[in-house]
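>>> Next one to model:
(one chain, ligands or ions: 1)
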Amino acid sequence: MTLTHTLADPRVEAAISRMFTLAEQDETAQAQLPPGALEMAPQELADAAAGIYMPISAEGGKLLYNLVRAIRPATVVEFGMSYGISTLHLAAAVRDNGTGRVVTTEMSKEKIAAARRTFTETGLDDLITVLEGDARETLADLEGPLELVLLDGWKDLCLPVLRMLEPSLRPGALVVADDIDQFEGPMRPYLDYVRDPANGYQNVSFPIEDGMEISCRL
Ligand SMILES: C[S@@+](CC[C@H](N)C(=O)[O-])C[C@H]1O[C@@H](n2cnc3c(N)ncnc32)[C@H](O)[C@@H]1O
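Next up, the predicted model:
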C-alpha cells in the first residue's frame with residue numbers, strides 16, 4: 001500500500017511550486033520599496049510590500065506540516081499569511097489529520113484576494129479562515145486553547161501578538177517564529193522574552209534557512 005499526503009496532491013503541489021517560483025523575484029521587488037519603508041506603519045508597509053511573497057522556506061514548510069500532523073491541533077493560528085505558502089502547508093496537514101482548522105491573518109487586500117483564489121483552487125479553502133486586517137485586532141477574541149501558532153508577520157509585532165495569544169496557549173503548545181536570523185534586530189525583544197525562563201517557555205532555535213525559534217509553552 002502506498003501512503004500519500006495532501007502536500008503531494010497535484011493541485012497543492014502546483015500552487016506551492018508556482019508561488020515559490022514567483023517568490024524568486026522578491027529581491028527585485030524589495031529593491032523597489034521606497035527608502036525608509038521599514039519605518040512605515042504596519043498597514044502602509046503591507047500595502048507597499050503587496051508584491052513581495054516573503055515566504056517560509058521549503059524545508060520550513062515541511063517542518064510545519066510535520067508538526068501539525070504530530071500535534072493534531074484543533075486550531076492552528078498564523079500571524080502573517082502573505083500569499084499563503086505557509087498556510088497551505090498547515091492546511092494540508094490539517095486535511096490529513098482529518099480534524100482541525102487554520103485561522104490565518106493578513107492585512108494586504110491584494111494578497112488576501114490572491115490567497116483566497118489559491119485556497120479554492122487547491123480544495124483546502126474549507127479548512128482556512130482568513131481574518132482580514134491587523135492581527136492585533138483580528139486575533140484579539142480568538143478562543144483557545146491554542147496548540148500551534150506560527151508567527152510570521154512583521155517582526156516587531158511578534159512579541160505583542162504572542163502576549164495577546166499567551167493566555168489561550170495550552171501547556172505544551174508550540175509557538176514557531178520564522179526568520180529569527182534574518183531579522184535579528186526586530187526579533188530581539190521577542191527572542192529575549194521567550195528565552196527568559198521566567199516567562200514560561202522551553203526553546204529551540206531550529207537552524208532551517210533563516211532560522212525558526214520553536215517555543216514550547218510550559
Ligand atoms: C513574511 S510575510 C508572511 C509569509 C507567509 N507566512 C508565507 O510563508 O508565505 C509577512 C506578512 O504578514 C503580513 N502582516 C504583517 N503585519 C501584520 C499584521 N499586524 N496583521 C496582519 N498581517 C500582517 C504582511 O502583510 C505580510 O504579507
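
>>> where do the strands sit along the chain?
Remark: strands assigned in the chain by DSSP state E are 75-79, 101-106, 128-132, 146-151, 169-178, 201-206, 212-217.

>>> What residues sit buried inside the fifth one?
I take that to be strand 169-178. Leu169, Ala173, Leu174, Val175, Val176, Ala177, Asp178 (16 or more other Cβ atoms under 10 Å). Quick note: C-beta positions are derived from backbone N, CA and C, even for glycine.

>>> and the closest residue in space to the last one that isn't next to it in sequence, how many neighbours?
On the basis of Cβ to Cβ, 6 or more residues apart in numbering, the spatially nearest residue to Asp178 that is not a chain neighbour turns out to be Asp152, at 4.4 Å. Applying other Cβ atoms under 10 Å, we find 26 residues neighbouring Asp152.

>>> how about the lowest-mean-pLDDT helix or strand in the chain against the ligand, any contact?
Within the chain, confidence by mean pLDDT, DSSP states H and E is lowest for helix 26-31 among all helices and strands, at a mean of 92. No - judged by Cβ under 6 Å from any ligand atom, helix 26-31 makes no contact with the ligand; its nearest approach is 9.9 Å.

>>> what's in contact with that helix?
The set of residues external to helix 26-31 that reach it, using Cβ atoms under 8 Å, 6 or more residues apart in numbering, is Ala49, Gly51, Ile52, Tyr53, Met54.

>>> ok, and which of those reach the ligand?
Restricting the contacts of helix 26-31 to those adjacent to the ligand (criterion: Cβ under 6 Å from any ligand atom) gives Met54.

>>> of the contacts of helix 26-31, closest to the ligand?
Distance to the ligand across the contacts of helix 26-31 (Cβ to the nearest ligand atom) is lowest for Met54, with 3.5 Å.
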